[in-house]
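K.L.:
Requesting a structural model of the entry that follows:
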Amino acid sequence: MAVAFTLFLSLLCFLQLALRTHAAALTTAIGANERVCFYADVDKTGEKIGFYFAVQSGGSFDIDFEVKDPNEKVLLDGKRERQGDYVFTANTVGEYSFCFENDMSTLTEKLVDFDIMVESEPRREPPAKASQISEQTSALEESIFRLNGMLINIKRTQKYFHTRENRGFDIVKSTKNRMFWYTFFESVAVIGMAVLQVYVLQTFFTKTGRRYKV
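P.N.:
Next up, the predicted model:
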C-alpha cells in the first residue's frame with residue numbers, strides 16, 4: 001500500500017508540474033521588411049515567462065525582436081540578434097506581445113524557431129501531520145523538481161544543437177548553390193574562349209586576297 005500510495009503521489013506531482021506550465025513552441029517564416037507578433041496571456045502576477053528564439057536560416061541569421069507588457073512597456077528588445085533565451089517575472093496581468101522584425105533585409109526571408117512559456121512559481125505547502133509518508137513525499141517532490149530542471153536543460157541543449165544543424169545545413173546549401181553557378185559560368189567562359197580561339201586561327205590562315213586572271 002505504501003508503494004502504491006507513493007506512486008500515486010508522484011503521479012499527482014507530475015501532473016501538477018504539467019498544469020503549472022503552458023508553452024508554445026513554433027517555427028515561423030518572416031519575409032523581408034515584415035513584422036510578426038505573437039501573444040501570451042498571464043492570469044496572475046508573479047508568473048514566470050520564458051522566451052527563447054533562434055534564427056534557423058536566412059541572411060546572416062539575425063533578427064530584431066521586442067517584448068512588451070499589456071501596458072505597451074518594452075521589457076526586452078534587441079537588434080540583429082541571432083538567438084536569445086530570457087526569463088522574467090510578469091508584474092502585470094494581461095496579454096504580452098512578442099514581436100520579430102526583419103526590416104534589415106530587402107529580399108531575404110528569415111526562418112525563426114521560438115518558444116514562449118508561462119510558468120507559475122511552484123509553492124510547496126507544509127504537511128498537516130509529520131509522518132513517514134510525508135517525509136517520503138517531500139523527498140519525492142525534490143526528486144521530481146530536480147528531474148524537471150534536468151529535462152529543461154536537456155531541452156535547451158537539444159534546441160542549441162538543432163539550431164546549429166539548421167544553420168550548418170543552410171550554409172552548405174548556399175555554398176553548393178554558389179559552386180554550381182561558379183562552375184556553370186566557368187564552363188561557359190572556357191567554351192567561349194575555345195570558340196573565339198578557333199575563330200581567330202581560322203581567320204588568320206584564311207586567304208582573303210583578290211585573284212587576277214592574266
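K.L.:
Next, count neighbours for Lys159.
P.N.:
18 (other CB atoms under 10 Å). No exception for glycine: its C-beta is placed from N, CA and C like everyone else's.
K.L.:
how far does whatever helix or strand it lives in sit from the chain's center?
P.N.:
Element membership for Lys159, per DSSP states H and E: helix 132-205. From the chain centre to the centre of helix 132-205 is a distance of 14 Å (CA atoms, centre = their mean, to the nearest Å).
K.L.:
Does anything pack onto it? Which helices or strands?
P.N.:
In terms of contacts (3 or more CB pairs under 8 Å, 6 or more residues apart in numbering; DSSP states H and E), helix 132-205 is packed against helix 2-20, strand 48-57, strand 110-119.
K.L.:
Quick check: which ranges of the chain have low pLDDT?
P.N.:
Applying pLDDT under 70 to the chain picks out residues 1-25, 120-137, 207-214.
K.L.:
what about 50?
P.N.:
For the chain, applying pLDDT under 50 flags the ranges 1-21, 23, 123-124, 212.
K.L.:
thinking again about what came up before, orientation of the helix holding Lys159 relative to strand 110-119 in degrees?
P.N.:
On the basis of axes from the mean of the first three to the mean of the last three CA atoms, to 10 degrees, helix 132-205 is oriented at 170 degrees to strand 110-119.
K.L.:
right, and Gly78 touches Gly84 too?
P.N.:
Yes - between Gly78 and Gly84 there is a contact at 6.5 Å, judged by CB atoms under 8 Å.
K.L.:
overlap in contacts of those two?
P.N.:
Shared contacts of Gly78 and Gly84 (CB atoms under 8 Å, 6 or more residues apart in numbering): Phe65.
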